[in-house]
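Enquirer: Next comes the sequence, and after it the predicted model I'd like to discuss.
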Number of protein chains: 2
Amino acid sequence: MTMEPTSEEQANTGPADTGSTRTGPASTGPASTDPASVEGYDPRAFPPFAVTVDLAVFTVRDGTLHVLLIERGQDPYKGAWALPGGFILPRESAGQAARRELAEETGLSADTAAALHLEQLRTYSDPDRDPRMRVVSVAYTALVPDLPEPHGGGDAAHARWVPHDSQGRLAFDHDRILADAHDRIGAKLEYTGLATAFCPAEFTLGELRQVYETVWGVELDRPNFRRKVLTTPGFVEAVQGGARLTGGRGKPAALYRAGPANALHPPLLRPEGRHTT
Amino acid sequence: MTMEPTSEEQANTGPADTGSTRTGPASTGPASTDPASVEGYDPRAFPPFAVTVDLAVFTVRDGTLHVLLIERGQDPYKGAWALPGGFILPRESAGQAARRELAEETGLSADTAAALHLEQLRTYSDPDRDPRMRVVSVAYTALVPDLPEPHGGGDAAHARWVPHDSQGRLAFDHDRILADAHDRIGAKLEYTGLATAFCPAEFTLGELRQVYETVWGVELDRPNFRRKVLTTPGFVEAVQGGARLTGGRGKPAALYRAGPANALHPPLLRPEGRHTT
DNA sequence: GTAATAGTGTCTGTAAGACAGTATTGC
DNA sequence: GCAATACTGTCTTACAGACACTATTAC
């Protein structure tokens, strides 16, 4: 995440300023003095906003970053790939809707899906982002270990794991959401233990290093990576007696599991150290 | 920035799972196979969501962090303090709405307000966060230099700068929004040049250091802070011949302006180095 | 002069980059 | 044996924390 205002924030701030005009009911925020708004809770008194969630779900497969996408079966953007997502139900928070959609699209049980890492990314609200109507979307990022291909009925039937950077143009503004999500997870790998969310419950340091190399697109020095991870308190914990053969050859690698720390001190900065988010 | 899911994400994920039920029109994201949704763009077909922006506007005054708050003039929470904010207009993005509200509540001209740092924080969507109806709010954080007390007509008449941590309980879920915003700016000071947004165009290193000390609530070693800031490329630029007396006594301090860098390499980590957001 | 602030220089400990070398496996 | 992977150790450089010291102002 850069400190630059995003293009959405920069765009057209002047003409959009309408002074103190209030068009709807009293805001949650300010104490409006417009008498018309005091009791104005007629839903038809303000423009119809639909609110959805969109999911950028990443995994690492065969040393490549993959994204969960859905092929659209109807216009607009019929036949194009899009991020999974859906409407927020009347009694749901956005986070609950995102977790429900994640379970639906991956075909996983609610219990399994509940354990996956899910995090709010940002909200996309350009008035023309959906040609049909005004749709505000709260985007979420999920990091999952290498899962089986989505299957089962319902929404999961249309979902596929697609290699990142070979997904082509996505529907709506999903290209930008995906790019923002990728920037964010790259930055979070630096100062959090998030990389373990891409790994199975027990993993080798080689697998963990491959997560960093895959997301960042760089090669890391193996001895230094190992030293850094093992000396960062709470990042990983050794699994007693565990060992696994990784590439068919070579010395079996010791196993670790995610540690209790959620922040890395000091951070594991990437080589050229360009921050985003 | 922690990796923990926020309480909103954690809450009640299981029971909320409704399988593949779709209640509204086709989502922006997935290709729904529900026939009823293909042409279902009747706004009354899905629950009425209001979408607002809320602003957490910070400044540093007299070595203390202050927040811009508004006293509510009506129920609910009549008489309580709240974050400024308002509805997104039909043809506005959330970012445009936030900048418009910022200009209104601070009483500044649109030009001045357009130059202020404004950044999306996150979206708050608990179904019961507003007792009147379903309101989803996109929160923004703004960092401004020490401005005159808000004045002028309209919304700014109700706005005040209130010292942070003496603001008491805020209306709605604004306590949490404010806490999230404070966490976020604290974290962003570490790895961005954001602190200069709290300073006037030309500032001394003592003023810049005070921003860090105020937001982080720590004392920093002055020589080391100076060395760090001056050796970080693009953080600040010297103003030729500039000097200013700061505390009435002592050697006049050289002046600097914000540099072109928006990311700090390596980051300026806070002493105990606890990351949030 | 003292108090207060700005600025310089130096020592030290920690951690990262580079990279040589050893260990254990499959073939 | 060789190739491949895991692991250990060492040297060097960069940078942050600590802190002594000098400089310039108001009083």
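Expert: Cool, the structure landed. Numbering: from 1, shown residues only, chains lettered A, B, ... in the order given.
Enquirer: and A:Ala254, how many neighbours?
Expert: By the measure other CB atoms under 10 Å in any protein chain shown, the count of residues near A:Ala254 is 14. (Each C-beta comes from the backbone N, C-alpha and C, glycine too.)
Enquirer: now do the one 3 residues further on
Expert: Counted with other CB under 10 Å, the neighbours of A:Arg257 add up to 15.
Enquirer: go on, A:Lys228?
Expert: By other CB under 10 Å, the residues close to A:Lys228 number 17.
Enquirer: what's the helix or strand for it?
Expert: Assigned by DSSP states H and E, A:Lys228 belongs to helix A:222-231.
Enquirer: Check A:Leu65 too.
Expert: For A:Leu65, the element it lies in under DSSP H and E is strand A:64-71.
Enquirer: Am I right that A:Ala201 is in contact with A:Arg257?
Expert: Yes: counting by CB atoms under 8 Å, a contact exists between A:Ala201 and A:Arg257, whose distance comes to 6.0 Å.
Enquirer: can you tell me how far the closest residue to A:Asp54 other than its chain neighbours sits from DNA strand C?
Expert: Distances taken as CB to CB, 6 or more residues apart in numbering or on different chains put A:Gly85 closest to A:Asp54, at 3.8 Å, once the chain neighbours are dropped. If you measure A:Gly85 against DNA strand C using CB to the nearest atom of the strand, to the nearest Å, the figure is 37 Å.
Enquirer: State the number of residues packed around A:Val229.
Expert: 20.
Enquirer: doesn't A:Glu207 make contact with it?
Expert: No: judged on CB under 8 Å, A:Val229 makes no contact with A:Glu207 at a distance of 11.6 Å.
Enquirer: can you list the weak-confidence ranges in chain A?
Expert: In the predicted model, chain A carries pLDDT under 70 at residues A:1-47, A:151-157, A:273-277.
Enquirer: for DNA strand D, what are the nearby residues on it?
Expert: Within chain A, the positions adjacent to DNA strand D are A:204-206, A:222-224, A:226-227, A:243, A:246-247, A:249-254 by CB under 7 Å from any atom of the strand.
Enquirer: Inside strands: which ones of these?
Expert: Judged by DSSP state E, these include A:243, A:253-254 as members of strands.
Enquirer: all strands for chain A, in order.
Expert: With strands called from DSSP E, chain A shows them at A:50-61, A:64-71, A:81-82, A:85-87, A:117-124, A:135-143, A:159-163, A:236-244, A:253-258.
Enquirer: tilt between the second one and strand A:159-163?
Expert: Put plainly, it is strand A:64-71. Strand A:64-71 and strand A:159-163 meet at an angle of 140 degrees, taking axes from the mean of the first three to the mean of the last three CA atoms, to 10 degrees as the criterion.
Enquirer: Please name the residues that touch A:Leu194.
Expert: Listed by CB atoms under 8 Å, 6 or more residues apart in numbering or on different chains, the contact set of A:Leu194 reads A:117, A:143, A:185, A:188, B:3.
Enquirer: For B:Tyr77, state which of the residues you listed is nearest.
Expert: When those are ranked by distance to B:Tyr77 (CB to CB), B:Met3 comes first, at 32.7 Å.
Enquirer: how near is the closest residue to A:Thr112 other than its chain neighbours to A:Asp111?
Expert: Closest residue in space to A:Thr112, ignoring its immediate chain neighbours: A:Ala103 at 7.9 Å, by CB to CB, 6+ apart. Using CB to CB, to the nearest Å, A:Ala103 is found at 9 Å from A:Asp111.
Enquirer: between those two, which one's more packed in?
Expert: Counted by other CB under 10 Å, A:Ala103 and A:Asp111 do not tie: A:Ala103 has more neighbours, with 23 against 10.
Enquirer: show me the contacts for the more buried one.
Expert: A:Ala103 neighbours (CB under 8 Å, 6+ apart): A:109-110, A:112-114, B:17.
Enquirer: Quick one: which of these is the most crowded by neighbours?
Expert: Neighbour-wise, these (other CB under 10 Å) top out at A:Ala113, 23 neighbours.
Enquirer: I'd guessed that one sits against A:Thr106; true?
Expert: Yes: between A:Ala113 and A:Thr106 there is a contact at 6.5 Å, judged by CB under 8 Å.
Enquirer: For the stretch 151-277 of chain A, just list every one of the helices.
Expert: Secondary structure of the stretch 151-277 of chain A (DSSP state H, counting those that start in this stretch): helices located at A:174-191, A:205-216, A:222-231.
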